[in-house]
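Trainee: I need the structure of the sequence given here:
(2 chains)
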2 protein chains.
Amino acid sequence: MPDTASLDAALKITTGPLPGSRKIHVEGSRPDIRVAMREIDLTPGCGEEPVRVYDCSGPYTDPTAKIDIAKGLERLRAQWILERGDVEHYEGRAHKPEDDGLKPGETIGVPVFDRAGLRPLRAKAGKAPTQLAYARAGLITPEMEYVAIRENMKLAELKAAAIARDGEDFGADIPDEVTPEFVRAEIARGRAVLPANVNHPEAEPMIIGRNFLTKINANIGNSAVASSVEEEVEKMVWATRWGADTVMDLSTGRHIHATREWIIRNSPVPIGTVPIYQALEKVGGKAEELTWEIFRDTLIEQAEQGVDYFTIHAGVLLRYIPLTAKRTTGIVSRGGSIMAKWCLAHHKENFLYTHFEDICELLKSYDVGFSLGDGLRPGSIADANDAAQFGELETLGELTHKAWAHDCQVIIEGPGHVPMHKIKKNVEKQIELCGEAPFYTLGPLVTDIAPGYDHITSAIGAAMIGWFGTAMLCYVTPKEHLGLPDKQDVREGVVTYKLAAHAADLAKGHPGAQLRDNALSRARFEFRWKDQFNLSLDPEKALQFHDQHLPAEGAKLAHFCSMCGPKFCSMKISQEVRDFANAEAGMAEMSEKFVKDGAEIYHTDKPAAAE
Amino acid sequence: MPDTASLDAALKITTGPLPGSRKIHVEGSRPDIRVAMREIDLTPGCGEEPVRVYDCSGPYTDPTAKIDIAKGLERLRAQWILERGDVEHYEGRAHKPEDDGLKPGETIGVPVFDRAGLRPLRAKAGKAPTQLAYARAGLITPEMEYVAIRENMKLAELKAAAIARDGEDFGADIPDEVTPEFVRAEIARGRAVLPANVNHPEAEPMIIGRNFLTKINANIGNSAVASSVEEEVEKMVWATRWGADTVMDLSTGRHIHATREWIIRNSPVPIGTVPIYQALEKVGGKAEELTWEIFRDTLIEQAEQGVDYFTIHAGVLLRYIPLTAKRTTGIVSRGGSIMAKWCLAHHKENFLYTHFEDICELLKSYDVGFSLGDGLRPGSIADANDAAQFGELETLGELTHKAWAHDCQVIIEGPGHVPMHKIKKNVEKQIELCGEAPFYTLGPLVTDIAPGYDHITSAIGAAMIGWFGTAMLCYVTPKEHLGLPDKQDVREGVVTYKLAAHAADLAKGHPGAQLRDNALSRARFEFRWKDQFNLSLDPEKALQFHDQHLPAEGAKLAHFCSMCGPKFCSMKISQEVRDFANAEAGMAEMSEKFVKDGAEIYHTDKPAAAE
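Mentor: Got it, this is the predicted structure:
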């Protein structure tokens, strides 16, 4: 086995704060609740407070944190989990060569994370250590308090700035202030999930629900064709640096178990997987050879490692498969097509459906959340909102209620490719059929004709569906449909989805969402270039674009940019207009005069507008 | 004066067809109506017809066309214009050094286009040579027939493919088939414009209106800080190559007249400008020194060159300026801030407003269309839909009716920065106040916090506002707010807006809009990689992205890509599912069996879904 001690240098993890930013921690009701946030400092003397923003990046952006990926992140939830007294350490499943795609006797070709004797946790007999069970029992966990503080960060500022709430939330129930009790109540009624496997204590608690800030997920993962362990861990760190709220590890090649261990031990965000991918590896890629036993064993393997949510394609029922036969693009979900093949080969109902209650019991023992997969999602505009898709959604609704009966947390996956006029119906049906369980959608892409730009075609759909009520948006990168995304594609995809999620929050009227827009726009209007860059979602790209034409440091003080040049800068002239007016008479006085005069001298055709 | 003959080589204009594409011409009722279109050939033997698409690129993508930019494009409308008998050649305004920002006696520093003695045209006394006047008089011009054929291209195919119309058009009046008479009627009632200066006969006729395909505009132009004549002409060709329906030349530096001449003589699409920019150059950048006479002279100068539409900021009234004083970002339109400064400096009403009827008479003589500028558009989320913006819109409505009374064609410019929930109101108010004159919007950007990604934040708003009824979308590039776009930024902006416009057409239910999506999706499902690339908006980027991981020519025949690899390709498995089902029993038979059995064996909880 290779030496893990040398790995640190080899991994080249991106660390250090974003430009102009500091990591801060807000303490809760007990000293071990320390909620990480980011504060962006503005130009001294500008008269503005630092801007506090939601921060997914974990300790990697904290220069005072000691990062040692061979040891993994600090286990910040370990004590909270143990003190509830409903879980116990146990021996755990023995590692098998096929977990990493190895033949018996074959040596693993990547470093193995040293768990230092740490054994997995699971529920004591008869216990349900899930955030849903706690919420239903009326318990506010430290995790719930953490997310309340985390979601609520901007409200004090909001009150100070006296920004009126404004938005259309389509019947959501967004509070003025997020209290721990509100978090508990939303989890209790299944309207939000707090993904928190008892074996992933390193993750910083976060919440996914329609009445909270819209979240985004980034997919990473090697494939048979490209990538390596080192790249995958760095991709996770990189994705959270730019704003991924959760990360799905969709690896399908060799060393899948070893890679996942590295990712989870070092991840500050919840990790999701699609266990059927690994199960398929174990049967040599032959869908028809999958069995419930192999799948179950894979669930245990991944639950023990600490995966926080599993995509389970239990809604791909035998009777829906013929509905896909005349589709333009058939079945485009990998998990969906695998299960469809199994169903047809055996002429039996999907074993994920027939064993659903077994899966519930298993997931409950670790508090792994369900992400009920949309195996029959449309893969083209032509197939959107068809009978196969909505048939499966109905089954997902049925399964949601079953999972809830087992105290399991549930989110529902959604499409896909949907033209704009058919998006809203997806949310309405999902809310109705799935009892308001959080919706988690991939895009949707609003046209099929722009491969190479599908982060954009899908961001259009994502912003809209987020506005309508989707709780988490699964990102799409520019490489969608074409190839495996590299690091820059991941960044492009994450930032694109971050802006779509933020646009949704603005439109829903989330209190405080507009504070950052306002701060950035003021910086723009006052030519505080560095503040404008630092307040943006990607400060480095903003700076780089600006500097292509005006690289000199002095240009960051200039009252123009290369787009219009000094004479034609509207912001500059507008400032002059303001100064001019103030100097002459005072704008208020002038305004009064115009109103008093009825403005009739200037307006011969109709009376002055009173808008 | 430099020799123009050598310019050709120096200019390095991009020519040649897009991959897999051919230029075709569809003849109208007379042999000189030859409507250019693009046909994309698919893999021989795939059983699919070539796909015909709308083509903005002019002769540059036609390998049989002889391109000589020193001579300009063929003057395809020259005969149509003359045969109507309502225009005449005249001496034209004498060129002045200040037209190019030169001091008296200073020599011009760029090549000058040789007009070979060609004199400008304008209306004979008492005549109105505008497409609106013709339409009102019941005349179907060759231009109208051209756009009918151009818009209608896909409908024969649509009928063959029997795709049902589907969409939500919010009260638009989109016909099943675009006839020349429909074009005439839409122009006559002001609901569409056909920009066609009598001095720009090189342009291929196109139409802008809510009941036609959604169009996009690309801005080009040098500024004081960067760029050159050569780059600007190539930018125009480049922008139309990727799909710009019109191009606005927003140049503000020296050599503005000479550059514009090169652009217009070589442009296959209508050219728009903001004449106040050049007028301001003529008074040394001092807004307060602008006069009606200098502005009027500039309008004549540009109308004689052939500019097809002018942005005129006549709605920036003195009484609205105080309404901007407390805005977060004041006035962000260049033209708007210039006029505001002039108004305040003179304490007089905007001369564009007081001289509006003079401007109408002038524009009518050349059939230059009005693009009524939104000088008070919001530049931040905080300022969206405020009293200044909607006050100005009311004035633009008043001016629309005045312009129509002079037989002038009119479009109305719109915002800007608007959160998603406030977008629809913009369209509704514009339709109501401006009598359904076409709306032409910049984005809108749905959040302020993503400089460097503002082509995306604005594409979200653009797709939505296009769906709601905007007729033309003004593109935004990744450099917005940061600097002057280069060639790759122009391409990124154009393709992004092309996909947004297409998404709008799909959602509005334009007949035939979905044909290209369906063809591409079938190619994707059948692993016709080259067809997928060639059918996409940017075939070169799609190919390049695919080839990053799988460059071998053989991979273009493979039934997988580097994203999932061969074992996990859902498309491949889905094909297998289909084959399997067909081989076993025939999908139809299986389906029947399931229905007959009531599917009860597989579905214990509730009756089978009948969706």
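Trainee: can you pull the contacts of the residue in the stretch 51-200 of chain A that chain B sits nearest to?
Mentor: Closest to chain B within the stretch 51-200 of chain A is A:E168: 4.2 Å, counting by CB to the nearest CB. All C-beta spots, glycine's among them, are computed from the backbone N, C-alpha and C. A:E168 is in contact with A:467, A:507-509, B:421, counting by CB atoms under 8 Å, 6 or more residues apart in numbering or on different chains.
Trainee: can you put these in TSV and add neighbour count, pLDDT and secondary structure?
Mentor: Listed next are these as TSV, based on neighbours: other CB atoms under 10 Å in any protein chain shown; pLDDT from 0 to 100; DSSP: H, G, I helix; E, B strand; the rest coil:
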residue	neighbour count	pLDDT	secondary structure
A:W467	29	98	helix
A:A507	28	98	helix
A:K508	25	97	helix
A:G509	18	94	coil
B:H421	21	98	helix
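Trainee: from these, which is closest to B:E553?
Mentor: Distance to B:E553 across the contacts of A:E168 (CB to CB) is lowest for A:W467, with 44.0 Å.
Trainee: still on that earlier bit, how far away is the residue of the stretch 51-200 of chain A closest to chain B from A:F468?
Mentor: 10 Å (CB to CB, to the nearest Å).
Trainee: sec struct for the most centrally placed residue in chain A, please.
Mentor: Nearest residue to the geometric centre of chain A (CA atoms, centre = their mean): A:I216, 2.3 Å. Following DSSP: H, G, I helix; E, B strand; the rest coil, A:I216 is assigned to strand.
Trainee: Kindly state the pLDDT recorded for it?
Mentor: pLDDT, A:I216: 98.
Trainee: Report the contact partners of it.
Mentor: A:243-245, A:472-475, A:494, A:497-498, A:500-501.
Trainee: of these, list those near chain B.
Mentor: Checking those against chain B by CB under 8 Å from any CB of the partner chain, the ones in range are A:498, A:500.
Trainee: so which of the contacts of A:I216 would you say is closest to A:I271?
Mentor: Distance ranking of the contacts of A:I216 against A:I271, using CB to CB, places A:A244 first at 10.8 Å.
Trainee: Just give me the neighbour total for the nearest residue to the closest one once chain neighbours are set aside.
Mentor: Nearest residue to A:A244, sequence neighbours excluded (CB to CB, 6 or more residues apart in numbering or on different chains): A:A218, at 3.8 Å. Neighbour count for A:A218, taken as other CB atoms under 10 Å in any protein chain shown: 27.
Trainee: tell me the contacts of A:A218?
Mentor: A:239, A:244, A:246-248, A:475, A:490, A:493-494, A:497.
Trainee: now with 10 Å?
Mentor: A:56, A:235-236, A:238-240, A:242-248, A:269, A:474-475, A:477, A:485, A:490-491, A:493-494, A:497 (CB atoms under 10 Å, 6 or more residues apart in numbering or on different chains).
Trainee: is it in a bridge, and if so with what?
Mentor: Note on A:A218: beta-bridge partners A:V247, judged by DSSP bridges.
Trainee: Check what pLDDT A:G586 gets.
Mentor: 52.
Trainee: how near is A:E281 to A:E398?
Mentor: For A:E281, the distance to A:E398 - CB to CB - is 30 Å.
Trainee: To clarify, my last question referred to A:A244.
Mentor: 31 Å.
Trainee: picking up where we left off before, could the contacts of A:I216 be laid out in TSV, adding neighbour count, secondary structure and pLDDT?
Mentor: Converted to TSV, these look like this (neighbours: other CB atoms under 10 Å in any protein chain shown; DSSP: H, G, I helix; E, B strand; the rest coil; pLDDT from 0 to 100):
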residue	neighbour count	secondary structure	pLDDT
A:G243	25	coil	98
A:A244	28	coil	98
A:D245	26	coil	98
A:M472	26	strand	98
A:L473	31	strand	98
A:C474	24	strand	98
A:Y475	30	coil	98
A:V494	28	helix	98
A:Y497	32	helix	98
A:K498	28	helix	98
A:A500	33	helix	98
A:A501	25	helix	98
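Trainee: The stretch 501-611 of chain A: helices as residue ranges?
Mentor: A:514-525, A:529-535, A:539-549, A:570-584, A:587-596 (DSSP state H, counting those that start in this stretch).
Trainee: Also the stretch 301-450 of chain A?
Mentor: A:334-346, A:351-354, A:356-366, A:387-405, A:423-433.
Trainee: cool, and the stretch 101-250 of chain A?
Mentor: For the stretch 101-250 of chain A, the helices defined by DSSP H, counting those that start in this stretch occupy A:131-136, A:142-152, A:155-161, A:180-188, A:229-242.
Trainee: Of those, which is nearest B:A340?
Mentor: Closest to B:A340 of the helices of the stretch 101-250 of chain A is helix A:155-161 (CB to CB; 27.1 Å).
Trainee: ok so, going back, and which of the contacts of A:E168 is nearest to A:G209?
Mentor: For these, the nearest to A:G209 is A:K508 (12.2 Å; CB to CB).
Trainee: what about the closest one, distance to A:A172?
Mentor: From A:K508 over to A:A172 the distance is 6 Å, taken as CB to CB.
Trainee: shared neighbours of the two, which are they?
Mentor: Shared contacts of A:K508 and A:A172, counting by CB under 10 Å, 6+ apart, come down to A:210-211, A:468-469.
Trainee: how about those residues, which pair is most distant?
Mentor: Using CB to CB, the pair of the shared contacts of A:K508 and A:A172 lying farthest apart is A:N211 and A:F468, separated by 13.7 Å.
Trainee: which neighbours do the two share?
Mentor: With contacts taken as CB under 10 Å, 6+ apart, A:N211 and A:F468 have A:169, A:172, A:508 as neighbours in common.
Trainee: In TSV: the contacts of A:I216, plus distance to A:C408.
Mentor: Formatted as TSV, the contacts of A:I216 follow (distance: CB to CB, whole Å):
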residue	distance to A:C408
A:G243	28
A:A244	24
A:D245	20
A:M472	17
A:L473	23
A:C474	21
A:Y475	25
A:V494	28
A:Y497	27
A:K498	29
A:A500	29
A:A501	26
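Trainee: sorry, back to before: tell me which of A:E281 and A:E398 has more neighbours.
Mentor: A:E281 (23 against 18).
Trainee: Surely A:G315 and A:F370 touch.
Mentor: No. If you go by CB atoms under 10 Å, A:G315 and A:F370 don't touch, sitting 11.2 Å apart.
Trainee: which neighbours do those two share?
Mentor: Taking CB under 10 Å, 6+ apart as the contact rule, A:G315 and A:F370 both touch A:356, A:396, A:399, A:412-413.
Trainee: any low-confidence regions in chain A?
Mentor: Applying pLDDT under 70 to chain A flags the ranges A:1-11, A:154-163, A:223-228, A:560-568, A:580-611.
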